[in-house]
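Engineer: Sequence and predicted structure, then a few things I'm wondering about:
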Amino acid sequence: MRVIEHFWYRVRPAHLILFPLSLLFRAVAALRRHAFDAGWLRRHRMPVPVVVIGNISVGGTGKTPLVLWLVQWLRAHGMHPGIVSRGHGGRGMVQAVTAGSDPGTAGDEPVLLATRTACPVWIGRRRVDAARALLAQHPQVDVLVSDDGLQHYALARDVEVAVVDGERGFGNGMLLPAGPLREPCSRLRRVDAVVVNGGEQRKTPAPAHFPMRLVGSRLINLRDPALDTTPDALAQRTVFAVAGIGNPERFFAHLRGLGLRIRPQPFPDHHPFVAGDFDAFGDEPVVMTQKDAVKCRSFARENHWYLPVDAQVDDALGQRILDTIEARHGRQAP
């Protein structure tokens, strides 16, 4: 666990210094939210329903796997989804993202979403602009899913789903910079559902809760995606486990659960990998997340593998989203 997580997920004397800044951060966040509620700042409504997947804390909670699940679920129920995102690490310009886009320009998560869903994905610093551009180019899209857009209030939404890390929870319960929260836990009273990723089922003030877990057991070769294998094939070797995600320990625990003997190699979230990051691993097997894999394709070696994961969520969440769309958007969901 990184230093900042040791700090955010505990209470230390230094928090006495940062706590006033957390109160200020909370006040500014509340004022900004109220400005949109009161109409001082404008919300922009799209001509199609908008579903926002986000969280109230910094770091990975499992939003991207949930977006993948939801897009597949909506498709299975006759809808034509599109995805909008900020594109962390990208240049912020409004642009379409495909499976072949450069993650350094478009961001790793949007490239992953485009690769896994094959549906329209557009990014931009202003999600409103990205949403408009997507709909202009893809008139068949009848629902938008906003990845990590809970605090982007300029984009009006019909459904809000917050994802909570069931293992790490809300840390020390403080807002930035003393803790990991972007908004207080009371914000969850306003969302339509909370999805708890792994760990214990946490009680929050949200009206509905749904457990989620990540599953995956096939390793895909990064250099030759047509080649896959099972963890058993590497069980007798020491595997370097690489993760540049918000909660790398979850990935490491997943690999251990598959029977792999790993040497954990955590990197900062959204780390811009280069070939030199892997020099020390030699010819030993390297297993990484799929989000990291999209950044390593150009210098992949034969011993580089990635583990795709899928979210398992109760279909009741999808039905709740469709019912809410129908009730709030004034249209019949398919």
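Structural biologist: That came in fine, so what should we check first?
Engineer: Compute the distance from the centre of the longest helix seen in the chain to the centre of its chain.
Structural biologist: For the chain, the helix reaching the highest residue count under DSSP state H is reported as helix 15-37. Between the centre of helix 15-37 and the centre of its chain there are 24 Å (CA atoms, centre = their mean, to the nearest Å).
Engineer: Pull out the buried residues from that helix.
Structural biologist: For helix 15-37, burial by neighbour count (16 or more other CB atoms under 10 Å) applies to 15, 18-19, 22, 25-26, 29, 33. C-beta here means a position set from N, CA and C on the backbone, and glycine is covered the same way.
Engineer: which other residues reach the following helix or strand past that helix?
Structural biologist: For helix 15-37, the following helix or strand on the C-terminal side (DSSP states H and E) is strand 50-54. Strand 50-54 is contacted by residues 63, 66-67, 70, 131, 143-152, 155-163, 321, 325 when judged by CB atoms under 8 Å, 6 or more residues apart in numbering.
Engineer: Same check on stretch 85-102?
Structural biologist: 103-111, 113-115, 118, 120-127, 129-130, 133-134, 137, 146-149, 152, 270, 272.
Engineer: Now intersect those with the strands, please.
Structural biologist: Using DSSP state E, 121-123, 146-147 are the members of the contacts of stretch 85-102 that sit in strands.
Engineer: Can you give me the distance of the residue lying closest to Ala35 once chain neighbours are set aside to Val50?
Structural biologist: Spatial nearest neighbour of Ala35, chain neighbours left out: Leu41 (4.5 Å); criterion: CB to CB, 6 or more residues apart in numbering. Per CB to CB, to the nearest Å, Leu41 is found 17 Å from Val50.
Engineer: what are the ranges of the helices in the stretch 201-334 of the chain?
Structural biologist: With helices called from DSSP state H, counting those that start in this stretch, the stretch 201-334 of the chain shows them at 248-257, 290-293, 315-329.
Engineer: Could I get the buried residue list for the first one?
Structural biologist: I take that to be helix 248-257. 248, 250-252, 254-255.
Engineer: So which of the residues you listed is the closest to Val215?
Structural biologist: Nearest to Val215 among these is His254, at 8.9 Å by CB to CB.
Engineer: Would you agree that closest one is in contact with Thr289?
Structural biologist: No: if you go by CB atoms under 8 Å, His254 and Thr289 don't touch, sitting 9.5 Å apart.
Engineer: Next, show the common contact partners of those two.
Structural biologist: 307, 309.
Engineer: three-state assignment of Met79?
Structural biologist: Secondary structure for Met79, judged by DSSP: H, G, I helix; E, B strand; the rest coil, is coil.
Engineer: Check the contact between it and Val143; I expect there is one.
Structural biologist: Yes: using CB under 8 Å, Met79 is in contact with Val143, at 5.1 Å.
Engineer: Next, show the common contact partners of the two.
Structural biologist: Common neighbours of Met79 and Val143 are not found (criterion: CB under 8 Å, 6+ apart).
Engineer: So for those two, which residue has more residues nearby?
Structural biologist: Val143 (25 against 18; other CB atoms under 10 Å).
Engineer: Next, the contact list for the residue nearest to Pro248 when sequence neighbours are not counted, please.
Structural biologist: Distances taken as CB to CB, 6+ apart put Pro266 closest to Pro248, at 4.1 Å, once the chain neighbours are dropped. Taking CB under 8 Å, 6+ apart, we find Pro266 in contact with 2, 243-244, 248-249, 252.
Engineer: nearest to Ile262, of those residues?
Structural biologist: Phe252 (6.2 Å).
Engineer: for the residue nearest to that closest one when sequence neighbours are not counted, what are its contacts?
Structural biologist: Nearest residue to Phe252, sequence neighbours excluded (CB to CB, 6+ apart): Pro264, at 4.8 Å. Neighbouring residues of Pro264 by CB under 8 Å, 6+ apart: 241, 243, 248, 252.
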